[in-house]
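Colleague: Provided below for reference: sequence and predicted model.
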Amino acid sequence: LPAQEFSNILLDEVENGIYRLTINRPKTLNALNADTLKEMDAAIEILEADPSARVLLITGAGEKSFVAGADIEHMSHLTPIEGKAFAEQGMRIFRRLETLRIPVVALVNGYALGGGCELAMSCDFILAAENAKFGQPEVNLGITPGFGGSQRLTRLVGRAMAMELLVTGRTMSAEEAMRRGLVNHVYPQAELADEGMKLAAMIAGKSSSAIQLTKQLVQRGQDLDLDNACVMESDLFGLSFSTEDRQEGMSAFLENRKAKFS
Ligand code: CO8
């Protein structure tokens, strides 16, 4: 599916190598249905095929919501088997995002509930607007999280707080989410897009090979025991010595100039 045919999301290259994916269903507060997930999958395909891609920003259309969850209207018609398939579809796409070779930054401009919180947690960075709200309210619908929420939340905020959030279904302010280690920074809503671009530009100006290897270390390493994770680190450290960026980065330091990465 080419980007021009998307009707639930927008994908644009804001600047060289900086892509922005906007979930664009403001009438439902950007709820995720199967078609939206399919388009997100196609967008990831486009990014994977573009060697000049450096960073992906993900946000929601409008000023009120990032993503208010999986689409409840859509889910209300699903059989148990279809529900499982829907969960698997989301799970696969969020994992694909999490393991995308370039960094992914969530710009949470409002509600990040259920599937929205799960989407944000699959990103490498979360920048939140002051009015953002995070939570996994599935319990209030008589269901469990289905896009990885119970697992990623527990890894990010620890077991006790994950249990509290999942069992009560309560929402957290952006400030609380930052205190608990979910969010990197909180900004006034009007500044969120600019701050996202600043971070993206900083990432795009650095060595893309070093950043890609670093992402792999963090993403893959967190599920390994320390011995194997450290073996992976020394392997990828060695691999980074094979790059032109390593030559340029070290020469620039020794020659007292700013590095120009290719
Ligand atoms: N799905 C579908 N429509 C939605 C959703 C949603 N998740 N959230 C909001 N909308 C719609 C509303 O129905 C409303 O539509 P309409 O104008 O036609 O009535 C419109 O968006 C605006 O919403 P509200 O009028 O409710 O706006 P408020 O400002 O009053 O409230 C809230 C905002 C608090 C965000 C409220 O809309 C809300 O509670 N939404 C639902 C949040 C929620 O429960 N999310 C979790 C869903 S479950 C989930 O995500 C599971 C993920 C895993 C799935 C696994 C696969 C099976």
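Modeller: Thanks, I have the structure now.

Colleague: okay but A128 is in contact with R180, surely?
Modeller: No. A128 lies out of contact with R180 (C-beta atoms under 8 Å); the separation is 12.0 Å. C-beta coordinates here come from the backbone N, C-alpha and C atoms, glycine included.

Colleague: Compare these two and say which is more crowded by neighbours.
Modeller: A128 (29 against 17; other C-beta atoms under 10 Å).

Colleague: quick one: that one from A229, how far?
Modeller: Using C-beta to C-beta, to the nearest Å, we find A128 at a distance of 29 Å from A229.

Colleague: Mind listing what's buried along stretch 127-144?
Modeller: Within stretch 127-144, the residues scored as buried using 16 or more other C-beta atoms under 10 Å are 127-129, 131-138.

Colleague: Please list the residues of the stretch 101-250 of the chain that sit near the ligand.
Modeller: The stretch 101-250 of the chain comes close to the ligand at residues 111, 113-115, 137-138, 141, 145-147, as judged by C-beta under 6 Å from any ligand atom.

Colleague: Between those residues, which sits nearest A87?
Modeller: G146 (3.5 Å; C-beta to C-beta).

Colleague: can you give me the strands for the chain?
Modeller: 9-15, 18-23, 55-60, 65-67, 104-108, 111-113, 125-129, 133-135, 171-173, 185-187 (DSSP state E).

Colleague: Now the ones you listed in CSV, please, with extra columns for mean pLDDT.
Modeller: Formatted as CSV, those follow (pLDDT from 0 to 100):
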stretch, mean pLDDT
strand 9-15, 96
strand 18-23, 98
strand 55-60, 98
strand 65-67, 98
strand 104-108, 98
strand 111-113, 98
strand 125-129, 98
strand 133-135, 98
strand 171-173, 98
strand 185-187, 98
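
Colleague: right, and those - which one's nearest E248?
Modeller: Closest to E248 of the strands of the chain is strand 55-60 (C-beta to C-beta; 19.8 Å).

Colleague: helices or strands up against the lengthiest helix in the chain?
Modeller: Secondary structure of the chain per DSSP state H: the longest helix is helix 80-98. Under the contact definition 3 or more C-beta pairs under 8 Å, 6 or more residues apart in numbering; DSSP states H and E, helix 80-98 sits against helix 34-48, helix 72-75, helix 115-121.

Colleague: Could you confirm whether it reaches the ligand?
Modeller: Yes. Helix 80-98 lies within reach of the ligand by C-beta under 6 Å from any ligand atom, at 83, 86-87.

Colleague: Now rank those residues by neighbours and give me the top one.
Modeller: If you rank the residues of helix 80-98 next to the ligand by neighbour count (other C-beta under 10 Å), F86 sits at the top with 22 neighbours.

Colleague: Just confirm that one contacts G146, I think it does.
Modeller: Yes. The pair F86 and G146 qualifies as a contact (C-beta under 8 Å) at a distance of 7.2 Å.

Colleague: The longest helix of the chain vs strand 55-60, what angle?
Modeller: With axes from the mean of the first three to the mean of the last three C-alpha atoms, to 10 degrees applied, the angle from helix 80-98 to strand 55-60 works out at 140 degrees.

Colleague: list the buried ones in helix 80-98?
Modeller: Neighbour counts over helix 80-98 (16+ other C-beta under 10 Å) mark 86-87, 89-91, 93-94, 96-98 as buried.

Colleague: any idea which of those is closest to L165?
Modeller: F94 (18.1 Å).

Colleague: Tell me how far the closest one lies from the ligand.
Modeller: 10 Å (C-beta to the nearest ligand atom, to the nearest Å).

Colleague: Out of the helices and strands packed on helix 80-98, which one sits most buried?
Modeller: Using mean count of other C-beta atoms under 10 Å, the stretch among the helices and strands packed on helix 80-98 with the largest mean neighbour count is helix 115-121, at a mean of 29.

Colleague: export the helices and strands packed on helix 80-98 to TSV and tack on mean pLDDT?
Modeller: Shown next, in TSV, are the helices and strands packed on helix 80-98 (pLDDT from 0 to 100):
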stretch	mean pLDDT
helix 34-48	97
helix 72-75	96
helix 115-121	98
